[in-house]
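Engineer: A structural model of the following input is requested.
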Amino acid sequence: MSGSPGSPLGPGSPPSEGGFVRRVGLFQATAINMSQMCGIGPFVTIPLMVAAFGGPQAVIGFVAGAVLALCDGLVWAELGAAMPGSGGSYVYLRQAFQYRTGRLMPFLFVWTAMLFIPLIMSTGVVGFVQYLGYLAPGLGQTSGDLIGLGVIALVVLLLWRGIEHIARITAVMWAVMIASVLLVIVAAASDFSPHLAFTYPARAFDLTSDHFWLGFAAGLTIGIYDYLGYNTTAYMGAEIKDPGRVLPRSILFSILGIMAIYLLLQIGTLGVIDWHRMTNPADIASTSVASAVLEKTWGKGAADTVTVLILITAFASVFTGLLGGSRVPYDAARDRVFFRPYEKLHPKHRFPMLGLATMGVITAVGFLIGRHTDLATLIQLLTTVMVIVQALAQIVALTVLRRRQPELKRPYRMWLYPVPSILAFAGWCVIYGYADRNSPGRHPIEWSLAWLALGCVAFLVWARLEKVWPFGAREIEEDYLTPESAVAG
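Structural biologist: Residues are numbered from 1 along each chain as shown. Here you go, the predicted model:
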């Protein structure tokens, strides 16, 4: 059930969402998630996954990533259905941790999200330029940099409009994404070699080997990076129709759909291209493996055509990522947990202007950095930054809210609770714990802790200026409880 701002909008909805309009239905919500998940990611990470495992057993990485995404997706599904506000994790952390630490956790989330969301988008632009190099082999460093910056500027320009127009654009991009992936899968099936796909090197599945587990940790990190985006619509909860029903379904449908696509894509690719080629930096298969599959099976003309579709898919991923991410600082600013200018919406189209502009700039900076950084290491650094404040803290928030707000209306409740929460928590800990070993000399754990510490200092300065906890009283705001349930709780 949908409604206008300020009216009851369904189970668990707050009384008002500050001007957002609920116009995104189930198909559009699922399309937004899937476009963000299946952007350039699998097309550039298949060689990275093969290198991590050292053979075709790299399929394990995508399966492990799918399991972690499903378990974590159930956390997002319950929280998003119960608290469908703009900002996603910000809303959940604010509600769960306000009782003991005031606004610290939501502040730290926004602090980190303003960095890791656009930087993840920057990897999509790096991949875009990487595949463009297949169509233009002579593309130089400077030309690639300028093209990438132009892509980011175009994304921001297209997002500078009303949500109803964006929903239509997203549906078209989703169709292109499906077409590009299916063409690669069909091409691979037309010349599939079981010998290539299922011939494994010696000790490929030796569970007593440190090499296997280091490869598994690296593969899990790459795998979950490829699935990131299943939560995009949770950031847009205030713009989703019937969020108690649509949000959980859009998350689960998108994960299951992308899981099937990724497995077909990975196995099909391994059945056409010798995995040794994917680990050779001098081979086109190590940077544009999908184009290499099409060139071998259907010829150069088909490869060029599908490469264009892959570029559109990459563009769609960046588009939907910035669409959802730009909503994060809005809710925080509106609740006085972030810089106040971020609460201003466009007077006509009702989207957060400063959030979109800021993330566009950071995406551009991250793109330029990523062009001179190993992509696998960049993925490791980005994932590590988000683990503590978002992934782990949000899982804890689910349990805290079940205890603190038992009367909160939950249109969807996690299946087999708390098993998925425990599995998700363990998976994120594996990614975080092995980060330094998988990135020697880069120190991603140290960088993530330093950024978190800097965020704590920024919070203390901000709290002192705003005169809130720990320099004032804690303010408890149980926004998603009805008056009757708040009294009962």
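Engineer: Strands of the stretch 201-350 of the chain, residue ranges please.
Structural biologist: Counting by DSSP state E, counting those that start in this stretch, the stretch 201-350 of the chain forms no strands at all.
Engineer: Could you do the stretch 1-150 of the chain as well?
Structural biologist: Under DSSP E, counting those that start in this stretch, the stretch 1-150 of the chain gives no strands.
Engineer: for it, what spans make up the helices?
Structural biologist: Remark: helices assigned in the stretch 1-150 of the chain by DSSP state H, counting those that start in this stretch are 26-37, 41-53, 59-82, 89-101, 104-135, 141-159.
Engineer: Give me the below-cutoff pLDDT ranges for the stretch 51-200 of the chain.
Structural biologist: 86-87, 161-167, 170 (pLDDT under 70).
Engineer: wait, isn't residue 65 in contact with residue 227?
Structural biologist: Yes. With contact defined as C-beta atoms under 8 Å, residue 65 reaches residue 227; the gap is 5.2 Å. Using the backbone N, CA and C atoms, a C-beta is placed for each residue, glycine as well.
Engineer: Show me the shaky parts of the stretch 251-400 of the chain.
Structural biologist: Using pLDDT under 70, the flagged stretches of the stretch 251-400 of the chain are 346, 349, 374.
Engineer: what about the helices in it?
Structural biologist: Counting by DSSP H, counting those that start in this stretch, the helices of the stretch 251-400 of the chain are 275-278, 289-298, 300-325, 328-334, 353-370, 375-386, 393-404.
Engineer: Ramachandran angles for residue 83?
Structural biologist: For residue 83, the backbone dihedrals (degrees, to the nearest 10) come out as phi -130, psi 70.
Engineer: Would you mind measuring from it to residue 397?
Structural biologist: As for residue 83, its distance to residue 397 is 10 Å (criterion: C-beta to C-beta, to the nearest Å).
Engineer: Show me whatever sits in contact with both of the two.
Structural biologist: Each of 92, 95 lies in contact with both residue 83 and residue 397 under the rule C-beta atoms under 8 Å, 6 or more residues apart in numbering.
Engineer: And the two? Which one has more around it.
Structural biologist: Taking other C-beta atoms under 10 Å, residue 83 and residue 397 do not tie; residue 83 has more neighbours (28 against 22).
Engineer: Verify the stated contact: that one with residue 90.
Structural biologist: No. The pair residue 83 / residue 90 is not scored as a contact, 10.3 Å apart, by C-beta under 8 Å.
Engineer: The nearest residue to residue 280 once chain neighbours are set aside: neighbouring residues, count only.
Structural biologist: The shortest distance from residue 280 to any residue other than its chain neighbours is 5.8 Å, reached at residue 286 (C-beta to C-beta, 6 or more residues apart in numbering). Per other C-beta under 10 Å, the neighbour tally for residue 286 reads 20.
Engineer: Identify the residues contacting residue 286.
Structural biologist: Contacts of residue 286 by C-beta under 8 Å, 6+ apart are 47, 277, 278, 279, 280.
Engineer: so what's the first one closest to, chain neighbours aside?
Structural biologist: What that stands for is residue 47. Nearest to residue 47 is residue 278, by C-beta to C-beta, 6+ apart, at 3.9 Å.
Engineer: My guess is residue 33 contacts residue 235. True?
Structural biologist: No. Checked against C-beta under 8 Å, the pair residue 33 and residue 235 is beyond contact range at 10.6 Å.
Engineer: Quick one: closest of the helices of the stretch 1-150 of the chain to residue 201.
Structural biologist: helix 41-53 (9.4 Å; C-beta to C-beta).
Engineer: Check which helices and strands that closest one sits against.
Structural biologist: Judged by 3 or more C-beta pairs under 8 Å, 6 or more residues apart in numbering; DSSP states H and E, helix 41-53 is in contact with helix 59-82, helix 104-135, helix 210-227, helix 243-270, helix 275-278, helix 289-298, helix 300-325, helix 375-386.
Engineer: Output the ones you listed as TSV; include the columns distance to residue 97 and mean neighbour count.
Structural biologist: Formatted as TSV, the helices and strands packed on helix 41-53 follow (distance: least, C-beta to C-beta, whole Å; neighbours: other C-beta atoms under 10 Å):
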stretch	distance to residue 97	mean neighbour count
helix 59-82	13	24
helix 104-135	4	24
helix 210-227	24	22
helix 243-270	22	22
helix 275-278	43	18
helix 289-298	43	23
helix 300-325	21	23
helix 375-386	17	22
